[in-house]
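S.K.: Give me a model of this one.
(chains A, B, C and D)
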Number of protein chains: 2
Amino acid sequence: METKPNAQEIYERLRNMIMSLQLMPGSRITENQLADFFNVSRTPIRAALQRLENEHLLTIKAKQGCYVRTIDMVQISHYYDVRVALENLVLTEISQLRDWSELQTLAKSWNPATLFYGLEVTAELKQAEEDFHQQLADISRNSVLAGFIADINDHIRVVRLLGFPNEKSVLDTYDEHFRICNFLLQHNLTAAQDEMTNHIRKSQDQANRVTLHQIYNNRQILKFD
Amino acid sequence: METKPNAQEIYERLRNMIMSLQLMPGSRITENQLADFFNVSRTPIRAALQRLENEHLLTIKAKQGCYVRTIDMVQISHYYDVRVALENLVLTEISQLRDWSELQTLAKSWNPATLFYGLEVTAELKQAEEDFHQQLADISRNSVLAGFIADINDHIRVVRLLGFPNEKSVLDTYDEHFRICNFLLQHNLTAAQDEMTNHIRKSQDQANRVTLHQIYNNRQILKFD
DNA sequence: GGATACTAACTTGTATACAAGATGCAGGGC
DNA sequence: GCCCTGCATCTTGTATACAAGTTAGTATCC
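M.R.: Residues are numbered from 1 along each chain as shown, chains lettered A, B, ... in the order given. Predicted coordinates:
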């Protein structure tokens, strides 16, 4: 008998279950089901569900049930559009910083000469790709901006993990991250932003080609907890 | 004896009380206080508080109490920085639309020749100023973008309402909104974005000059429910 | 056979009791 | 005077009972 999870843990586990499609989009779940599953009362379940609803990961219909958010490819593309604007703002803000030591550290870790993660498309590499963008956002010292970008990443992760086709594009990723950092370090903001825009648009194009059919056929890829 | 408010109503009322500074930033509130105040049990209070915490309008400390979010002028300035990037994206997306009928309607309502709200700085005018930007975002047909901008507006409203000094700037506001729309209608995206950037930066400059002292001295201005 | 009204089961919303950690203060030890 | 301990109180976290609305199936009426 394991210890009872609290509302926070339940929230995190449900969040992962939704984002990894262990809970199918559109499917209906009830508080009693989850209370049985987690072996707790409805109270912490409700807290977790209400939080997930706030983050648009599910909708609660009064006296009917909870429905897992459906995947809307148009909306995901909209997230990518916003992402381009915000990540370019990150570059602008970093370019105005006095201290570039963090940026230099980040640049070093994506030097293609080192190839830290190798050329294989592993789960770790995919996570590292996302982390690069989040770390860049954190370096900007604009916590509002970093928060928005984290939110975007949560919503595009489903397709991002699938639109990562081959070893060739891994090398491209290394290159592009490295080039973005170096353009910044060379005081060439415009070039850095062009590189960033192309980098994200490439990801968006791949995402736009992902179909719901593919997503469901590749559910096992999405496990990341 | 009025009817008992439900969790949704409690959420909305608390939200207004926080944003209008009827609940002072940093102050501590407990579930029992609010339960007495609203004449309900702790359950709907908890639901409302947890939702407000998710939106960063307060923080819940386990077994200690809830603390109303403090006003962080640096963070508000960060919201403005993000706002500039996102509202310019709105303009980009609108410029790519086929149907500009909504844009034309909006432009008409801000024609300085009509001066719908007059030159006085009324509460209605301030609300209309915010509505202009939200309507513009809605026209873009990018719901993600519109949602982010709504979130930003929620967080900068405190200083936005105070940084609206005189009749002269009212006329400027009419002009700038009208010019932004017309530049778009003339297929001059760059000019529209320049105008938008200046328009928001002016507001940001005024916001940056607002002090916490001023905010507390002008709490009555903030009532808007 | 088809439409309708009723009922039983189910679901979320709310109230209340209890659990458990945090806080502050009083009192004793030194 | 200072520190430490213990207890009373307060707070949020959780469990449970009940309220009220929704749904689906069934029986009844025509």
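S.K.: Residues in contact with the helix or strand of chain A with the lowest mean pLDDT: which ones?
M.R.: One helix or strand of chain A scores below all others by mean pLDDT, DSSP states H and E: helix A:212-217, with a mean of 84. With contact meaning Cβ atoms under 8 Å, 6 or more residues apart in numbering or on different chains, helix A:212-217 is reached by A:Leu21, A:Met24, A:Ile71, A:Met73, A:Val158, A:Val159, A:Leu162. Any C-beta I mention is one placed from the backbone N, CA and C, and that applies to glycine too.
S.K.: send the alpha carbons of it over as PDB?
M.R.: Taking Å, rounded to 0.1, in the frame of the first residue of the first chain, the C-alpha atoms of helix A:212-217 are listed here in PDB:
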ATOM      1  CA  LEU A 212      -4.400  13.400 -35.500                       C
ATOM      2  CA  HIS A 213      -4.100   9.900 -36.900                       C
ATOM      3  CA  GLN A 214      -0.300  10.100 -36.400                       C
ATOM      4  CA  ILE A 215      -0.600  11.400 -32.900                       C
ATOM      5  CA  TYR A 216      -2.800   8.500 -31.800                       C
ATOM      6  CA  ASN A 217      -0.500   6.000 -33.500                       C
END
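S.K.: Can you check the pLDDT for the residue nearest to the spatial centre of chain A?
M.R.: By Cα atoms, centre = their mean, chain A has its centre lying nearest to A:Asn153, at 2.8 Å. You'll see A:Asn153 listed with a pLDDT of 96.
S.K.: what do you get for A:Asn166?
M.R.: So A:Asn166 comes in at 69 (pLDDT).
S.K.: got it, and the one 3 residues further on?
M.R.: Taken from the predicted model, the pLDDT recorded for A:Ser169 is 76.
S.K.: Please identify the buried residues of the helix or strand containing it?
M.R.: Using DSSP states H and E, A:Ser169 falls within helix A:167-185. Neighbour counts over helix A:167-185 (16 or more other Cβ atoms under 10 Å in any protein chain shown) mark A:169-170, A:173-174, A:176-184 as buried.
S.K.: follow-up on the earlier one: next one: the least confident helix or strand of chain A to chain centre, how far?
M.R.: 18 Å (Cα atoms, centre = their mean, to the nearest Å).
S.K.: That one: which residues count as buried?
M.R.: So, applying 16+ other Cβ under 10 Å, buried residues of helix A:212-217: A:Ile215.
S.K.: for chain A, longest helix please?
M.R.: When chain A is parsed with DSSP state H, its longest helix is helix A:73-95.
S.K.: give me the number of residues near A:Lys108?
M.R.: A:Lys108 has 11 neighbouring residues, counting by other Cβ atoms under 10 Å in any protein chain shown.
S.K.: Dump the C-alpha coordinates for the helix holding A:Ser169 into PDB.
M.R.: The C-alpha trace of helix A:167-185 is given here as PDB (Å, rounded to 0.1, in the frame of the first residue of the first chain):
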ATOM      1  CA  GLU A 167      19.300  12.400 -37.700                       C
ATOM      2  CA  LYS A 168      19.800  15.100 -40.300                       C
ATOM      3  CA  SER A 169      17.500  17.500 -38.500                       C
ATOM      4  CA  VAL A 170      19.300  16.800 -35.200                       C
ATOM      5  CA  LEU A 171      22.500  18.200 -36.600                       C
ATOM      6  CA  ASP A 172      20.400  21.200 -37.900                       C
ATOM      7  CA  THR A 173      19.100  21.700 -34.500                       C
ATOM      8  CA  TYR A 174      22.600  21.800 -33.000                       C
ATOM      9  CA  ASP A 175      23.700  24.300 -35.700                       C
ATOM     10  CA  GLU A 176      20.700  26.600 -35.300                       C
ATOM     11  CA  HIS A 177      20.900  26.800 -31.600                       C
ATOM     12  CA  PHE A 178      24.600  27.500 -31.700                       C
ATOM     13  CA  ARG A 179      24.200  30.100 -34.500                       C
ATOM     14  CA  ILE A 180      21.400  31.900 -32.600                       C
ATOM     15  CA  CYS A 181      23.600  32.300 -29.500                       C
ATOM     16  CA  ASN A 182      26.600  33.300 -31.600                       C
ATOM     17  CA  PHE A 183      24.800  36.000 -33.600                       C
ATOM     18  CA  LEU A 184      23.700  37.400 -30.200                       C
ATOM     19  CA  LEU A 185      27.200  37.300 -28.900                       C
END
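S.K.: Show the subsequent helix or strand relative to it.
M.R.: Counting by DSSP H and E, what follows helix A:167-185 is helix A:189-209.
S.K.: With just CA atoms, put that following helix into CSV.
M.R.: Only the C-alpha atoms of helix A:189-209 are listed here, as CSV (Å, rounded to 0.1, in the frame of the first residue of the first chain):
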residue,chain,number,x,y,z
LEU,A,189,20.4,40.9,-33.2
THR,A,190,18.7,40.9,-36.6
ALA,A,191,20.6,37.8,-37.8
ALA,A,192,19.8,36.0,-34.5
GLN,A,193,16.1,36.8,-34.9
ASP,A,194,16.1,35.6,-38.5
GLU,A,195,17.7,32.4,-37.5
MET,A,196,15.2,31.9,-34.6
THR,A,197,12.3,32.7,-36.9
ASN,A,198,13.4,30.1,-39.4
HIS,A,199,14.2,27.6,-36.6
ILE,A,200,10.7,27.8,-35.2
ARG,A,201,8.9,28.0,-38.6
LYS,A,202,10.6,24.8,-39.6
SER,A,203,9.2,23.2,-36.4
GLN,A,204,5.8,24.7,-37.1
ASP,A,205,5.8,23.3,-40.7
GLN,A,206,6.6,19.8,-39.4
ALA,A,207,3.9,20.3,-36.8
ASN,A,208,1.4,21.4,-39.4
ARG,A,209,2.0,18.1,-41.2
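S.K.: Run the chain-centre distance for it.
M.R.: Per Cα atoms, centre = their mean, the centroid offset for helix A:189-209 relative to its chain is 16 Å.
S.K.: repeat for stretch A:52-65
M.R.: 21 Å.
S.K.: thinking again about what came up before, of the buried residues of helix A:167-185, just say which sits nearest to B:Leu103.
M.R.: A:Ile180 (34.5 Å; Cβ to Cβ).
S.K.: C-alpha coordinates for the longest helix of chain A, PDB please?
M.R.: The C-alpha coordinates for helix A:73-95 follow below in PDB (Å, rounded to 0.1, in the frame of the first residue of the first chain):
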ATOM      1  CA  MET A  73      -4.300  21.700 -34.900                       C
ATOM      2  CA  VAL A  74      -5.300  25.200 -35.800                       C
ATOM      3  CA  GLN A  75      -4.900  26.300 -32.300                       C
ATOM      4  CA  ILE A  76      -1.500  24.700 -32.100                       C
ATOM      5  CA  SER A  77      -0.400  26.600 -35.200                       C
ATOM      6  CA  HIS A  78      -1.600  29.800 -33.500                       C
ATOM      7  CA  TYR A  79       0.600  28.900 -30.500                       C
ATOM      8  CA  TYR A  80       3.500  28.700 -32.900                       C
ATOM      9  CA  ASP A  81       2.700  32.100 -34.300                       C
ATOM     10  CA  VAL A  82       2.800  33.600 -30.900                       C
ATOM     11  CA  ARG A  83       5.900  31.700 -30.100                       C
ATOM     12  CA  VAL A  84       7.800  33.300 -32.900                       C
ATOM     13  CA  ALA A  85       7.000  36.700 -31.700                       C
ATOM     14  CA  LEU A  86       7.900  36.000 -28.100                       C
ATOM     15  CA  GLU A  87      11.100  34.100 -28.700                       C
ATOM     16  CA  ASN A  88      12.300  37.000 -30.900                       C
ATOM     17  CA  LEU A  89      11.400  39.300 -28.000                       C
ATOM     18  CA  VAL A  90      13.600  37.100 -25.800                       C
ATOM     19  CA  LEU A  91      16.500  37.700 -28.200                       C
ATOM     20  CA  THR A  92      15.900  41.500 -28.100                       C
ATOM     21  CA  GLU A  93      15.900  41.600 -24.300                       C
ATOM     22  CA  ILE A  94      19.000  39.400 -24.000                       C
ATOM     23  CA  SER A  95      20.800  41.700 -26.500                       C
END
